[in-house]
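1. Everything below, folded, please.
(chains A, B, C and D)
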There are 4 protein chains.
Amino acid sequence: MSKKIHPLDIKKGMTAADLIREYGKGAFGSGTIAEAAGLYTEMLTGGCTVFLGLAGALVPAGLGKMVADLIRDGMVHVVVSTGANVTHDLIEAFGGSHFKGIVENDSQLREKGLDRIYDAYIEDESFVLFENKIKEVFHTVEGDVSVSDLMREIGRHLESPYSFIRQAFLEKVPVFVPAFTDSILGLHTFLYAQEHSLTVDHVRDIGKMVELTSAGHKAGAIFLGGGVPKNFIFQAMLLSPRTFEYALQITTDRPEYGGLSGATLEEAISWGKVSKNSRLCTCYCDATIAFPLIVAGVRDNLQK
Amino acid sequence: MSKKIHPLDIKKGMTAADLIREYGKGAFGSGTIAEAAGLYTEMLTGGCTVFLGLAGALVPAGLGKMVADLIRDGMVHVVVSTGANVTHDLIEAFGGSHFKGIVENDSQLREKGLDRIYDAYIEDESFVLFENKIKEVFHTVEGDVSVSDLMREIGRHLESPYSFIRQAFLEKVPVFVPAFTDSILGLHTFLYAQEHSLTVDHVRDIGKMVELTSAGHKAGAIFLGGGVPKNFIFQAMLLSPRTFEYALQITTDRPEYGGLSGATLEEAISWGKVSKNSRLCTCYCDATIAFPLIVAGVRDNLQK
Amino acid sequence: MSKKIHPLDIKKGMTAADLIREYGKGAFGSGTIAEAAGLYTEMLTGGCTVFLGLAGALVPAGLGKMVADLIRDGMVHVVVSTGANVTHDLIEAFGGSHFKGIVENDSQLREKGLDRIYDAYIEDESFVLFENKIKEVFHTVEGDVSVSDLMREIGRHLESPYSFIRQAFLEKVPVFVPAFTDSILGLHTFLYAQEHSLTVDHVRDIGKMVELTSAGHKAGAIFLGGGVPKNFIFQAMLLSPRTFEYALQITTDRPEYGGLSGATLEEAISWGKVSKNSRLCTCYCDATIAFPLIVAGVRDNLQK
Amino acid sequence: MSKKIHPLDIKKGMTAADLIREYGKGAFGSGTIAEAAGLYTEMLTGGCTVFLGLAGALVPAGLGKMVADLIRDGMVHVVVSTGANVTHDLIEAFGGSHFKGIVENDSQLREKGLDRIYDAYIEDESFVLFENKIKEVFHTVEGDVSVSDLMREIGRHLESPYSFIRQAFLEKVPVFVPAFTDSILGLHTFLYAQEHSLTVDHVRDIGKMVELTSAGHKAGAIFLGGGVPKNFIFQAMLLSPRTFEYALQITTDRPEYGGLSGATLEEAISWGKVSKNSRLCTCYCDATIAFPLIVAGVRDNLQK
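-> This next block holds a predicted model:
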């Protein structure tokens, strides 16, 4: 297993694959980037079902299209997201935008009707647009649906090539949102349901997840951040005869505070969520930095 | 506003209140501990409705009773929790336990049927116990309930003085679990619902939260960790005519990665979730270290 | 080794020792606080030579007197500090002060001649005061001295009971400052040496450190933050026939980035800096929060 | 200043420059990578003197050659390093190596004579090699030298194209090591000086740094990690009539704990170390991940 560390050789004109080859020579975070790209490549060449967990404001940061493209190209097969990422994906699909370049303080932003997400922001009007558009979609759904059914029906109404919700609809990739009510999409579902017959069944999706994790293929998990998506993906294995054989997480949380977001992937072995012989890689990094680089490298590897 | 920093004087025989007085002289984290204790004290003497968000494995770490006691003594009025904290609270209330003192690796733990949570663990058998007991409770509920209704009904069946779910029932403190399906409690609800008529309505609780945040009293929020509880508490203000006037968070996340867990409380001003003149305090610390100390100080302040 | 986790019982009127007893029941950071207090108590009752490493702006934060008192009471026997902590200790001893309560931005602070250290600040004038006073001390020293000699000579001229440099002089506790030139004290030494015969020998202190670590007593290390003090304390063991038998670090750094500040104490076993059977404890926490609490608990334990 | 966030478009076949262009569309860490590459490019096209601070075990991780190449290509003009990075650079230049792929625990590593640095390690024998070789170099130096003189003399004896110490010698780039005694190189200097006339003057380098920061060119600083190198670079401006006009830091520390390593670059404005109109960028990331990517992008920009 022991391997000499060769110095990274960084030159002009390198492709992502070249870069990652150099990262692979090094230790610490550098080495894990290369390991992560290798692991993801192996998941895909080995025919894994890839479960992707999305936590943190990835869509406002600009990563939504990258997820959509992974779905389009058969590189992600199941998505579990926070409600916020879905909400912001839909806002962009409905014509709204996110911005950066903040010079005001938070009180000034409030006066201007701008809502801050660290160094990004969104206008109040985008939420008004969202409200109007999502109501139209709700009209076409109604009845009693699971969260993932609702995601599919919403996706059917979208046209933006950047939306991962639309792309998931097109590719029949299920999107789960276990904390659906914890989002602005959830708030509008509540408001709509006050006056219309729309019931969103949360529990039903557990069965669907268990089915997916129990299917014949090897299972691999990729977690961008932790949160509910990480736990929801992992816990499905508690009701499944199988376990994950690959897991890759990109997180900035740490194990010592005891939360699941920062837990090592090895911990999941003790729970029987991943197998003892699984291939695991944790990259301690801002996902908006690490994941695009890894994806570019994997795309080079697969010529996709 | 400017204030001289006096050196902390740490001696034998100090009470929590003495200690916090000394912390208050200092800068960095030290000063925020005192500020946090002052803020919480002020929330209570000022008649605030206190919303407590519980994220991270606080109950396995041993903090469940502390939450129960805060509820008992009228120091917390609304709880929003992860499903995991509820699950582990119930396991202990049903007679199960958490342990520490791990010497095995994760594969060895799996063979012994032990499930690790950083430096704590729980036996597989505790989950079997949980399954049997929770089914009995489900029998008495059935029908169509909101998550907070279900929490109340579960609390009615408990006897442990350490359980915050039981104490919340006794004190009529609502407990919300927005990502309810993302937990072992959620899994068993799913399994039970396959064969019995139990429907858990997630959306209904949004209305209840909005009601609580719209009531006449001043509102204050305390977040242990971030996650879904933080967002769910804050987002209720988007449908409310009011805003939070106090907010205190104890977190180890950081703002720069863009996730809500690490977001500054000031960011919530831009969204209109907290008022411009609100009193805000963020303590960057493991909640299992900071919160017991703060609570001890507040109890000294209030002689409670 | 396995131990049941009992819920923490937090009540009014608790002393630091009571609190720490409760922390000891819990997991995660909570448990490490109790472990740390136990370890430090054991170092002292077992007759250890205690090496204290001081990194981070602990003196500006108000922790200088606490260190001075530990020296006075025989609870610390060797100090290794950053140059900044020494500089700020001397500034206070010379009559300067640190402040908190900043409302200006950094450009405004510059215009007012205020120098910020996170939420604390110091006036430019304090550095003028420092310059004048330290020159007077330099006049009495001159010649060729080691850094620790210089620290002792400076301590001889101080009167403040809050200064750890003075207290170290009184108790004959050596103070090492390996990165002495990396501080405002260093800058003034340079300026003074331009016109006077003052030579500060850095290398000589290595011999003194090796002597101290090679002495007959058991050795224990306490690190507040990492940085140069941590490495300087540990590396002395590479030239010593002994190893540390106790080590306690309070840090917010993490191992995965590869720096020594965040390295686990276990890593030092591989280097032969701590013994295989050493007692080690890492508390991942802001030292301005964790250390005063631990010290209060140890003082209660020892009735000191 | 306000700018729409466009989704990142990650495809196969991208070069580093392409990738960074996409990062630049995004928010959070993603945006800062592009900003950092832009800032560094601008420093170089604008004729800045670039000061590089090296903290953390960058050489063991494999980044030494990258630093050497930046020196060779006129992209770094002054280096301030920890003693450890110098020690490990020399070990590699003398024929030693670092390895990765650890399967043993720390006690087992000790028995095998292997010294761990997170997921990398080095053999005890490499330190024996180092001892022998460095003594030979010391023989040729002797007398009274500043630390940076000593670095130059050591560089003169090296042949490895991967060594940044050698490359700095070739390009007349001064290398400062303010905490020189805090390293294995320092230990051997001490041992050698016991029997030979070698005196290393630490204070003298302050004058040289002040000269460099006072020279006619604009000054820019790049910090990989914080520690002593960051402070030493910044503090030179306290004795200089100038200030830094560019500063870029890649760090994983955070401001709230008050240490300089995690301090914002804006804080340095209050001290007069950087100018009010300076261009500043902080990238919160493992430097072994962020810096190679940034360098590759800058090389593409400059066709170097």
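2. Now do the same contact list for the residue sitting nearest the centre point of chain A.
-> A centroid search over chain A (C-alpha atoms, centre = their mean) returns A:Leu54, at 2.4 Å, as the residue closest to the centre. When contacts are counted by C-beta atoms under 8 Å, 6 or more residues apart in numbering or on different chains, A:Leu54 touches A:Val67, A:Val79, A:Val80, A:Ser81, A:Thr82, A:Asn85, A:Leu224, A:Gly225, A:Pro229. Yep, even glycine has a C-beta here, placed from its N, CA and C like the rest.
3. contacting residues around the closest residue to it other than its chain neighbours?
-> Nearest residue to A:Leu54 in three dimensions, chain neighbours excluded: A:Ser81, at 4.3 Å (C-beta to C-beta, 6 or more residues apart in numbering or on different chains). Neighbour list for A:Ser81: A:Gly53, A:Leu54, A:Ala55, A:Val175, A:Phe176, A:Val177, A:Pro229 [criterion: C-beta under 8 Å, 6+ apart].
4. Just the mean pLDDT for the strand or helix carrying A:Tyr192, thanks.
-> Applying DSSP states H and E as the criterion places A:Tyr192 in helix A:184-195. The average pLDDT for helix A:184-195 rounds to 96.
5. Start from the N-terminal end of the stretch 51-200 of chain A and give the strands.
-> Under the criterion DSSP state E, counting those that start in this stretch, strands of the stretch 51-200 of chain A are mapped to A:78-81, A:99-100, A:114-117, A:120-123, A:143-146, A:175-176, A:198-201.
6. okay, the ones you listed in JSON lines with distance to D:Gln303 and mean pLDDT next?
-> JSON lines is the format used below for these (distance: least, C-beta to C-beta, whole Å; pLDDT from 0 to 100):
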{"stretch": "strand A:78-81", "distance to D:Gln303": "40", "mean pLDDT": "98"}
{"stretch": "strand A:99-100", "distance to D:Gln303": "29", "mean pLDDT": "98"}
{"stretch": "strand A:114-117", "distance to D:Gln303": "37", "mean pLDDT": "98"}
{"stretch": "strand A:120-123", "distance to D:Gln303": "32", "mean pLDDT": "98"}
{"stretch": "strand A:143-146", "distance to D:Gln303": "55", "mean pLDDT": "93"}
{"stretch": "strand A:175-176", "distance to D:Gln303": "44", "mean pLDDT": "98"}
{"stretch": "strand A:198-201", "distance to D:Gln303": "55", "mean pLDDT": "92"}
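7. Those strands: which one's closest to D:Asp115?
-> Distance to D:Asp115, taken as C-beta to C-beta, is lowest for strand A:78-81 among these, at 41.9 Å.
8. Give me the sheet partners of that closest one and which way each runs.
-> strand A:49-54 (parallel), strand A:175-176 (parallel) (DSSP bridges).
9. Drop anything exposed from the contacts of A:Ser81.
-> Burial by neighbour count, 16 or more other C-beta atoms under 10 Å in any protein chain shown: within the contacts of A:Ser81 this picks out A:Gly53, A:Leu54, A:Ala55, A:Val175, A:Phe176, A:Val177, A:Pro229.
10. with these in mind, which one is nearest to chain D?
-> A:Ala55 (13.2 Å; C-beta to the nearest C-beta).
11. residues contacting that closest one?
-> So A:Ala55 contacts A:81-82, A:85, A:223-230, A:261, B:259 (C-beta under 8 Å, 6+ apart).
12. could you redo the last one with a cut-off of 6 Å?
-> A:Ala55 makes contact with A:Thr82, A:Gly225, A:Gly226, A:Gly227, A:Pro229, according to C-beta atoms under 6 Å, 6 or more residues apart in numbering or on different chains.
13. A:Gly262 now?
-> A:Asp253, A:Arg254, A:Pro255.
14. quick one: the residue nearest to it when sequence neighbours are not counted and D:Arg254, what's the gap?
-> Leaving aside its sequence neighbours, A:Gly262 sits nearest to A:Asp253 (C-beta to C-beta, 6+ apart; 3.1 Å). Look at A:Asp253 and D:Arg254: by C-beta to C-beta, to the nearest Å, they are 13 Å apart.
15. Tell me which of these two has more neighbours.
-> Neighbour count, other C-beta atoms under 10 Å in any protein chain shown: between A:Asp253 and D:Arg254, A:Asp253 has more, with 24 against 21.
16. Quick check, the more buried one in contact with A:Leu260.
-> No: A:Asp253 lies out of contact with A:Leu260 (C-beta atoms under 6 Å); the separation is 8.9 Å.
17. pull the longest strand from chain A.
-> The residue-count maximum for a strand in chain A (DSSP state E) belongs to strand A:274-284.
18. For A:Leu63, grab phi and psi.
-> phi -90, psi 0 (degrees, to the nearest 10).
19. make that A:Gly13, sorry
-> The phi/psi pair for A:Gly13 (degrees, to the nearest 10) is phi 80, psi 20.
20. How about A:Leu114, nearest residue that isn't a chain neighbour?
-> A:Tyr121 (4.8 Å).
21. Give me the neighbour count for that neighbour.
-> Residues within reach of A:Tyr121, counting by other C-beta under 10 Å, total 23.
22. ok, now A:Lys112?
-> Residues lying near A:Lys112 (other C-beta under 10 Å) number 11.
23. go on, A:Glu153?
-> 16.
24. check contacts around it.
-> A:Glu153 makes contacts with A:Val141, as judged by C-beta under 6 Å, 6+ apart.
25. Surely A:Val175 is in contact with A:Val80?
-> No: applying C-beta under 6 Å as the test, A:Val175 and A:Val80 come out as separate, 7.7 Å apart.
26. And the residue nearest to A:Asp201 when sequence neighbours are not counted, how far from chain C?
-> Nearest residue to A:Asp201 in three dimensions, chain neighbours excluded: A:Ser146, at 5.0 Å (C-beta to C-beta, 6+ apart). For A:Ser146, the distance to chain C (C-beta to the nearest C-beta, to the nearest Å) stands at 35 Å.
27. now A:Ser146: how far from chain B?
-> Taken as C-beta to the nearest C-beta, the span from A:Ser146 to chain B is 10 Å.
28. quick check, nearest of the buried ones among the contacts of A:Ser81 to B:Asp18?
-> A:Ala55 (41.0 Å).
29. tell me the secondary structure for A:Gly297?
-> Three-state assignment for A:Gly297 (DSSP: H, G, I helix; E, B strand; the rest coil): helix.
30. Next up, the contacts around it.
-> A:Gly297 sits next to A:Ala16, A:Ala17, A:Ile20, A:Ala37 when contact means C-beta under 6 Å, 6+ apart.
31. Please work out how many residues are found near the first one.
-> Think A:Ala16. Neighbour number of A:Ala16 under other C-beta under 10 Å is 29.
32. before we move on, the earlier item: let's have the strands of the stretch 51-200 of chain A in TSV, adding distance to D:Val137.
-> Below are the strands of the stretch 51-200 of chain A laid out as TSV (distance: least, C-beta to C-beta, whole Å):
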stretch	distance to D:Val137
strand A:78-81	58
strand A:99-100	51
strand A:114-117	54
strand A:120-123	53
strand A:143-146	72
strand A:175-176	63
strand A:198-201	73
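33. So what sits opposite the residue nearest to A:Leu114 in the bridge?
-> Following DSSP bridges, A:Tyr121 is listed with bridge partners A:Phe99, A:Arg116.
34. how about the helices of the stretch 201-304 of chain A, start to end?
-> Using DSSP state H, counting those that start in this stretch, the helices found in the stretch 201-304 of chain A span residues A:204-214, A:227-235, A:267-270, A:287-302.
35. what about the first one, near chain B?
-> To tie it back to what came earlier, the one meant is helix A:204-214. Yes: looking at helix A:204-214 against chain B by C-beta under 6 Å from any C-beta of the partner chain, the contacts come from A:Ile206.
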